[in-house]
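J.: Predicted structure and sequence below. I'll ask about it afterward.
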Amino acid sequence: MTGFPDSALLSLQAFYPEQPAPLSHDLVGLPLLAPEALKGLAQSMRPGTALSLRGDVPIGVGQQDVARTGLDPAATLDSIERGRSWMVLRNIEQDPAYRALLDRLVDAIGPAVRPATGPILKREGFIFVSSPNAVTPLHFDPEHNILMQLEGRKTITLFPVADEAIAPLAAHETFEREGRNNLAWNAGFERMGRTFALEPGDALYIPVKTPHWVQNGDAASVSLSITWRSGWSLREGYAHGMNRLLRKAGLSPRAPRRFPRDNHLKALSYRAILKARRCFGQPG
């Protein structure tokens, strides 16, 4: 298994980094991603990195956390067909075998993404196991992301990445401060979304900070996300952090710029402030 066929890498290169790209992969049937292997992985992970969350939630929960089910990872996997929940295994690279898989996949896409955004930074892997019809509510993520469907089916609806009606600047700034990335829903958003149906063997590249929500199909599903940061994506986040400080000072800063424009000045300023605050033991 190579991970991605040449056709997928060519598509990724053509759309990266600002447009979603339907792709394909060849990981279906890989023993490392079978249910029993995932149960063993979940039980061996560090506390707080295997989370079981409710799947019977509305599309838009706003700036609040989705409630946890209270079940441990093994119980979640055993009851996934009827549990109305979804589980995320975060940072699977903490296990050497999964780290090797992540490295193989990220190294494969390197030639397609480095010409646009430079070195691949902070590579991470996430596995999602979802109950039938479970909903992952509207949110955005700070990473470049390729979501690969392994078992079952789901649809993922993406919205315009720079539309402040869907992802207000305040939501970005809250994320930089608190890590909360859920977004509120408005029925008017529906006509603005683009929906992708994923079956086993399908994949989708999701650009940085793209608002999206997920509807699982009528059977349990398993998906793998590989994510990475670039210098540009990190600076975009730092710029939102700097804007938060400027807004607290009574100013009205301009929104951070999207690729290919950059945010060097605000990013440098924010990092310098964070460093100074750490030196004096102050919170960010």
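T.: Structure received.
J.: Tell me where the stretch 151-284 of the chain has strands.
T.: Using DSSP state E, counting those that start in this stretch, the strands of the stretch 151-284 of the chain run over 154-158, 194-198, 202-206, 212-216, 221-229.
J.: Adding distance to Ala74, write those out as CSV.
T.: Backbone N, C-alpha and C define where each C-beta goes, glycine included. Formatted as CSV, these follow (distance: least, C-beta to C-beta, whole Å):
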stretch, distance to Ala74
strand 154-158, 23
strand 194-198, 26
strand 202-206, 28
strand 212-216, 20
strand 221-229, 16
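J.: possible to save these as TSV with mean pLDDT, distance to Ile146 and mean neighbour count?
T.: Listed next are the strands of the stretch 151-284 of the chain as TSV, based on pLDDT from 0 to 100; distance: least, C-beta to C-beta, whole Å; neighbours: other C-beta atoms under 10 Å:
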stretch	mean pLDDT	distance to Ile146	mean neighbour count
strand 154-158	98	12	19
strand 194-198	98	11	16
strand 202-206	98	5	22
strand 212-216	98	13	23
strand 221-229	98	5	23
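J.: So for Ser7, which of the ones you listed sits nearest?
T.: For Ser7, the closest of the strands of the stretch 151-284 of the chain is strand 202-206, at 11.7 Å, according to C-beta to C-beta.
J.: Give me the phi and psi for Cys29.
T.: One thing to correct before we go on: residue 29 is Gly, not Cys. Backbone torsions of Gly29, given as degrees, to the nearest 10, read phi 90, psi 0.
J.: Let's test this: mean pLDDT of stretch 237-255, rounded?
T.: Taken as a whole, stretch 237-255 has an average pLDDT of 96.
J.: quick one: contacts of it?
T.: Residues outside stretch 237-255 that contact it (C-beta atoms under 8 Å, 6 or more residues apart in numbering) are 142, 164, 169, 172-173, 175-177, 256-257, 263, 266-267, 269-271, 273-274, 284.
J.: Repeat the analysis, applying 7 Å as the threshold.
T.: Outside of stretch 237-255, the residues within contact range by C-beta atoms under 7 Å, 6 or more residues apart in numbering are 142, 169, 172-173, 176-177, 256, 263, 266-267, 269-271, 273.
J.: same deal with stretch 48-66?
T.: Under the contact criterion C-beta under 7 Å, 6+ apart, stretch 48-66 has outside partners 42, 67-69, 71, 73, 76, 84-91, 130-131, 134-135, 137-138, 171, 174, 180, 182-185, 213.
J.: so how far is it off the chain centroid?
T.: 14 Å (C-alpha atoms, centre = their mean, to the nearest Å).
J.: And the helices in the chain, which stretches?
T.: Using DSSP state H, the helices of the chain run over residues 6-15, 35-44, 73-78, 96-117, 169-178, 231-248, 264-279.
J.: helices or strands up against the first one?
T.: Helices and strands touching helix 6-15, as assessed by 3 or more C-beta pairs under 7 Å, 6 or more residues apart in numbering; DSSP states H and E, comprise strand 21-24, helix 96-117, strand 202-206.
J.: nearest to Ser233, of the ones you listed?
T.: Here helix 96-117 is closest among the helices and strands packed on helix 6-15 (C-beta to C-beta), at 7.4 Å.
J.: the inter-axis angle of the closest one versus helix 231-248?
T.: Counting by axes from the mean of the first three to the mean of the last three C-alpha atoms, to 10 degrees, helix 96-117 points 80 degrees away from the direction of helix 231-248.
J.: Tell me how many other residues crowd the residue lying closest to Phe15 once chain neighbours are set aside.
T.: Closest residue in space to Phe15, ignoring its immediate chain neighbours: Ala21 at 3.7 Å, by C-beta to C-beta, 6 or more residues apart in numbering. Burial measure for Ala21: 21 neighbouring residues, criterion other C-beta atoms under 10 Å.
J.: From what I see, Ala21 and Gln13 are in contact.
T.: No - using C-beta atoms under 7 Å, Ala21 is not in contact with Gln13, being 9.0 Å away.
J.: follow-up on the earlier one: possible to save the helices and strands packed on helix 6-15 as a markdown table with distance to Ser221?
T.: Below are these laid out as a markdown table (distance: least, C-beta to C-beta, whole Å):
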| stretch | distance to Ser221 |
| --- | --- |
| strand 21-24 | 17 |
| helix 96-117 | 19 |
| strand 202-206 | 11 |
